[in-house]
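# got a sequence here, can you build the structure:
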Amino acid sequence: MFERGISETDVREVLEVGKVIKKNPKDLPYPSYLVLGFPSGRPIHVVASDDLSVKATVVISVYQPDSKLWDKTFSRRKK
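As a prediction, this is how the structure comes out:
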């Protein structure tokens with residue numbers, strides 16, 4: 001996150017108000033999901049998973065999606 005210039009505040013905002021754009025129910029050890037948000041107007045993807053046994057969300061990855069790989073809404077990969 002630090003190297004990508006994405007703050008913890010940005011990640012929290014994406015997780016709190018962002019839109020889940022993909023679910024991976026077969027991921028282990030917990031199902032994961034991809035969330036898109038726009039903190040400060042910048043698109044951010046957060047890959048996370050919920051560990052319900054301890055009521056915690058685990059952040060797996062955080063990045064700014066590449067416009068060459070994603071559509072203009074950053075919610076679908078280009079084909």
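# contact partners for the residue lying farthest from the centre of the chain?
Among the C-alpha atoms of the chain, the one most distant from their mean position (C-alpha atoms, centre = their mean) is that of S53, at 21.4 Å. When contacts are counted by C-beta atoms under 8 Å, 6 or more residues apart in numbering, S53 touches no other residue. C-beta: built from backbone N, CA, C; applies to glycine.
# could you rerun that using 10 Å?
Contact analysis of S53 by C-beta atoms under 10 Å, 6 or more residues apart in numbering lists Y30.
# can you classify P65 as helix, strand or coil?
coil (DSSP: H, G, I helix; E, B strand; the rest coil).
# break down this protein into its helices, ranges please.
For the chain, helices defined by DSSP state H occupy the ranges 8-17.
# quick one, what contacts the closest residue to D50 other than its chain neighbours?
Nearest residue to D50, sequence neighbours excluded (C-beta to C-beta, 6 or more residues apart in numbering): T57, at 5.4 Å. Contacts for T57 (C-beta under 10 Å, 6+ apart) come out as 11-12, 15, 30, 33, 46, 48-51.
# max pairwise distance over these: which two?
Using C-beta to C-beta, these span at most 19.3 Å, a distance reached by R12 and Y30.
# how far away is S75 from I21?
Relative to I21, S75 is positioned 5 Å away (C-beta to C-beta, to the nearest Å).
# joint contacts of the two?
What both S75 and I21 touch, as defined by C-beta under 10 Å, 6+ apart, is the set 34, 36, 45.
# is the second one bridged to anything, and to what?
With beta bridges defined as DSSP bridges, L36 has these partners: K19, H45.
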